[in-house]
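**Q** got a predicted model here, sequence first, then my questions.
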Amino acid sequence: MVTVKRKDEAAVFRAIADPTRREILGLLRHGSRPVGDIASNFRTSRPAISRHLRLLRSAGLVTTRKQGTVRMCQLNPRPLRTVKDWLHDYEILWDQALNNLKKFVEENPYASD
């Protein structure tokens, strides 16, 4: 049985799997933006961008609020901790591999000749 937390984590990974959605998150890193402004950065239709934003909202990565007649979008980076935590285990692995390589090179200075 899949827990709610695992479903939430899966939603975050699904959301960032798409390059357009990652680019939207990149735009929002610099502050809130109206939907129309976000859409103007892409060649795809505004309804397509709205679908991307809806998926980002459902994953908790984007929040929206009405400001007059404009809908403003804002990045919520908190769910990205899921990705950071997942990558942490691999960082440890990479660090170990690099330390082993460094140790090998230091112990065998002529191995690369």
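**A** Noted; the coordinates are in hand. The structure displayed is predicted, hence computed values, not measured ones. Residues are numbered from 1 along each chain as shown.
**Q** please enumerate the strands of this protein.
**A** Secondary structure of the chain (DSSP state E): strands at 33-34, 62-67, 70-75.
**Q** check which helices and strands the last one sits against.
**A** Identification of packing neighbours for strand 70-75 by 3 or more C-beta pairs under 8 Å, 6 or more residues apart in numbering; DSSP states H and E yields helix 19-28, strand 33-34, helix 35-39, strand 62-67. Using the backbone N, CA and C atoms, a C-beta is placed for each residue, glycine as well.
**Q** just give the nearest non-adjacent residue to residue 60, would you?
**A** Among residues not flanking residue 60 along the chain, residue 79 sits closest, at 4.5 Å (C-beta to C-beta, 6 or more residues apart in numbering).
**Q** number of nearby residues for that neighbour?
**A** Residues lying near residue 79 (other C-beta atoms under 10 Å) number 19.
**Q** now for it: which residues touch it?
**A** With contact set as C-beta atoms under 8 Å, 6 or more residues apart in numbering, residue 79 has these partners: 8, 12, 59-61.
**Q** let's see 7 Å
**A** Residues in contact with residue 79 (C-beta atoms under 7 Å, 6 or more residues apart in numbering) are 12, 59-61.
**Q** grab the nearest non-local neighbour of the spatially most central residue of the chain.
**A** Residue closest to the mean C-alpha point of the chain, counted by C-alpha atoms, centre = their mean, is residue 16 at 4.7 Å. Nearest residue to residue 16, sequence neighbours excluded (C-beta to C-beta, 6+ apart): residue 22, at 5.6 Å.
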